[in-house]
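**Student:** Let me see the structure of the following:
(one chain, ligands or ions: 1)
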Amino acid sequence: MVYREPLFVSQLREKKLQEEIARAKHIYAEHGERMFCDELICGLLAVYRDAILETGRLMKETGVIEACTRCAVEGPGSCCFQGIEEGYDYVLILINLLLSCDIPDTPEVQGSCFFVGENGCRLQGRFSFCLNYLCPDLQELIGPAHRTRLLRAVGNELTAGWELEHALRLRFGKQ
Ligand code: SF4
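**Tutor:** The predicted structure is shown next:
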């Protein structure tokens, strides 16, 4: 039997996330320009962007992107289920704004993660679950050697993201 959570639980979760999004957008509007002029933040943002690109490159090379797209279109379906977005707070959302992501105020696809858009995930900076999870079929498809390479790149990306997040919290966390 498929578990369906009560409606008020998902409504509460959505409201909390919308508050995080509003806070991130407010900080971005007030301090975004200053952040882009901050040498440390800009440097860490560039390292993070490169790490994201490298993970994306490896996902393409190892066939992960193709397999996930096929699964989402033909079934059994995407892993981006409703509730994962709880892992995102205002700082990670702010980082996505700094990476030029378009963050919606309401979900585009009902019944899925808040950040699923028409063309898949709307975010560039993603939290660990979104990056680390490889379903059993995917693990079998890419094999242990590619899996190790991919998870190493994911580790680098998460580290770069954490360093940027840490710097932003120290400099702008009181906003
Ligand atoms: S944040 Fe993106 S990758 Fe993570 S579950 Fe949501 S849509 Fe999927």
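**Student:** Tell me the residues of the protein that contact the ligand?
**Tutor:** Within the chain, the residues that sit near the ligand (Cβ under 6 Å from any ligand atom) are 80, 84, 85, 113, 115, 116, 121, 123, 126, 130. Any C-beta I mention is one placed from the backbone N, CA and C, and that applies to glycine too.
**Student:** Now do the SS call for the last one.
**Tutor:** Using DSSP: H, G, I helix; E, B strand; the rest coil, the structure places residue 130 in helix.
**Student:** Also the third one?
**Tutor:** Secondary structure of residue 85, reduced to three states by three-state DSSP: helix.
**Student:** Against residue 113, how distant is the residue nearest the centre of the chain?
**Tutor:** Centroid-nearest residue in the chain: residue 126, 2.1 Å away (criterion: Cα atoms, centre = their mean). Per Cβ to Cβ, to the nearest Å, residue 126 is found 10 Å from residue 113.
**Student:** now the helices: where do they sit in this structure?
**Tutor:** 7-37, 39-61, 64-74, 90-98, 128-132, 136-172 (DSSP state H).
**Student:** What subset of the residues of the chain next to the ligand is buried?
**Tutor:** 80, 84, 85, 113, 115, 116, 123, 126, 130 (16 or more other Cβ atoms under 10 Å).
**Student:** got a list of what the closest residue to the last one other than its chain neighbours touches?
**Tutor:** Nearest in space to residue 130, with sequence neighbours left out and distances taken as Cβ to Cβ, 6 or more residues apart in numbering, is residue 84 at 6.8 Å. Listed by Cβ atoms under 8 Å, 6 or more residues apart in numbering, the contact partners of residue 84 are 113, 129, 130.
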